[in-house]
Structure formats: structure tokens, C-alpha cells
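In: Sequence and predicted model, in that order:
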Amino acid sequence: MAGQSQANAREAVYAAIVDVTKSAEQYEGPMKSQMIRDAAHAYRAIAGGPQPGTSVVDTSK
């Protein structure tokens, strides 16, 4: 049950990220950049990847 809840939460966050990215198209310049950057950070956090500013080095490649 917890796995399903996590999957539902992840899907909701992904949907919100898509909405923010689409909404950003209405803006220009720094506002648009910030919205897309924030969406990218949220995506990385949910996907479990390294976050900007961390000292994690991907050695799997």
C-alpha cells in the first residue's frame, strides 16, 4: 500500500512539474528561467538523482 501511495504522489508531482513548465511559456527572461530551473530541481529530487551543489560524482559511466 505504501508503494502505491508513493507512486501516486510521484505521478502528482510529475504532473505539477509539467504544468509549471507549460505555464512558464507565458513568461520571458528571468522569470521563465527560474520557473524551469525550479521544475528541473523538483524533477531531480523526485527521480532520486544528484542535486545541484552536491559533491556526488557519478562514477557509473
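Out: Good, I have the coordinates. Everything quoted here is computed from the prediction, not taken from an experiment. Numbering: from 1, shown residues only.

In: buried ones in the longest helix anywhere in the chain?
Out: In the chain, taking DSSP state H as the definition, the longest helix is helix 2-24. Across helix 2-24, burial judged by 16 or more other CB atoms under 10 Å covers Ile17, Thr21, Ala24. Yep, even glycine has a C-beta here, placed from its N, CA and C like the rest.

In: Quick check, central residue of this protein?
Out: With the centre of the chain defined as its mean C-alpha position, the nearest residue by CA atoms, centre = their mean is Tyr43, 1.8 Å away.

In: Next one: that residue from Gln26, what distance?
Out: 20 Å (CB to CB, to the nearest Å).

In: One more: Tyr14?
Out: Distance, Tyr14 to Gln26, using CB to CB: 21 Å.

In: hang on, the earlier thing: how far away from the center of its chain is the longest helix of the chain?
Out: Computed by CA atoms, centre = their mean, to the nearest Å, the chain-centroid distance of helix 2-24 equals 9 Å.

In: For whichever helix or strand comes after it, give the mean pLDDT please.
Out: Once helix 2-24 ends, the next helix or strand along the chain (criterion: DSSP states H and E) is helix 29-47. On average, the pLDDT along helix 29-47 is 87.

In: Check which helices and strands helix 29-47 is in contact with.
Out: Helix 29-47 sits against helix 2-24, with contacts defined as 3 or more CB pairs under 8 Å, 6 or more residues apart in numbering; DSSP states H and E.

In: any idea of the angle the helix it packs on forms with helix 29-47?
Out: On the basis of axes from the mean of the first three to the mean of the last three CA atoms, to 10 degrees, helix 2-24 is oriented at 170 degrees to helix 29-47.
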